[in-house]
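**Q** the following comprises the amino acid sequence and a computationally predicted model.
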Amino acid sequence: MKKEKKKHLKEIQLPNEEIQKILANSYYEKSIKQLDNSTVTINHLENIFTNETYYLAMKIVPLLERKVLYLSYVENIRLDDICRRLKLPKKEVIKLRNSGINHFKHNLEFLYKANNLKNGGKN
């Protein structure tokens, strides 16, 4: 009986790459379920973040830029479809997406600096 069990265990051992794929898929599926259960909408992309600083940084990104980021990264919609949906030219959508990313990064930087000053310069 023990021999059969050992043989069975040997058969189910997976290489590291397979384990990483399984874990990544599991994490992705769990993230999607959490996203489905959250109140993330095209106008409220900031709700995707549980970190308060990230939430605030996204909350102050202009609405149209948040919409483009939402459609691009949450809905995973192609550029042509985003253009059609928002009735904007490709150049404008690309500009809005880049601007949204830059605003988010700048807002994060600003909020971290403000928080650092509030805490008396302590890390």
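**A** Okay, I see it.
**Q** helix, strand or coil for residue 76?
**A** Three-state call for residue 76 (DSSP: H, G, I helix; E, B strand; the rest coil): coil.
**Q** and it, how far is that from residue 82?
**A** 11 Å (CB to CB, to the nearest Å). Where C-beta positions appear, they are placed from N, C-alpha and C, glycine not excepted.
**Q** and for residue 62?
**A** Taking CB to CB, one finds residue 62 at 16 Å from residue 82.
**Q** neighbour count winner among those two?
**A** residue 82 (21 against 12; other CB atoms under 10 Å).
**Q** pretty sure the more buried one is touching residue 70, no?
**A** No - Residue 82 is not in contact with residue 70 according to CB atoms under 8 Å; the separation is 9.7 Å.
**Q** buried set for stretch 103-112?
**A** 103, 104, 107, 108, 111 (16 or more other CB atoms under 10 Å).
**Q** quick one: mean pLDDT over stretch 48-68.
**A** For stretch 48-68, the mean per-residue pLDDT is 92.
**Q** looking at the protein, which helix or strand does the model trust least?
**A** Across the helices and strands of the chain, mean pLDDT, DSSP states H and E gives its lowest value to helix 2-12, namely a mean of 50.
**Q** tell me which element the closest residue to residue 49 other than its chain neighbours falls in.
**A** Closest residue to residue 49 apart from its sequence neighbours, by CB to CB, 6 or more residues apart in numbering: residue 55 at 4.4 Å. Element membership for residue 55, per DSSP states H and E: helix 52-59.
**Q** contact partners of the helix or strand harbouring residue 85?
**A** Assigned by DSSP H and E, residue 85 belongs to helix 79-86. Contacts of helix 79-86 with the rest of the structure, by CB atoms under 8 Å, 6 or more residues apart in numbering, involve 64, 67, 68, 71, 72, 77, 88, 89, 90, 93, 94.
**Q** quick one: list the elements packing against the helix ranked longest in the chain.
**A** The longest helix of the chain (DSSP state H) is helix 90-118. Counting contacts by 3 or more CB pairs under 8 Å, 6 or more residues apart in numbering; DSSP states H and E, helix 90-118 packs against helix 52-59, helix 63-69, helix 79-86.
**Q** cool, thanks, signing off.
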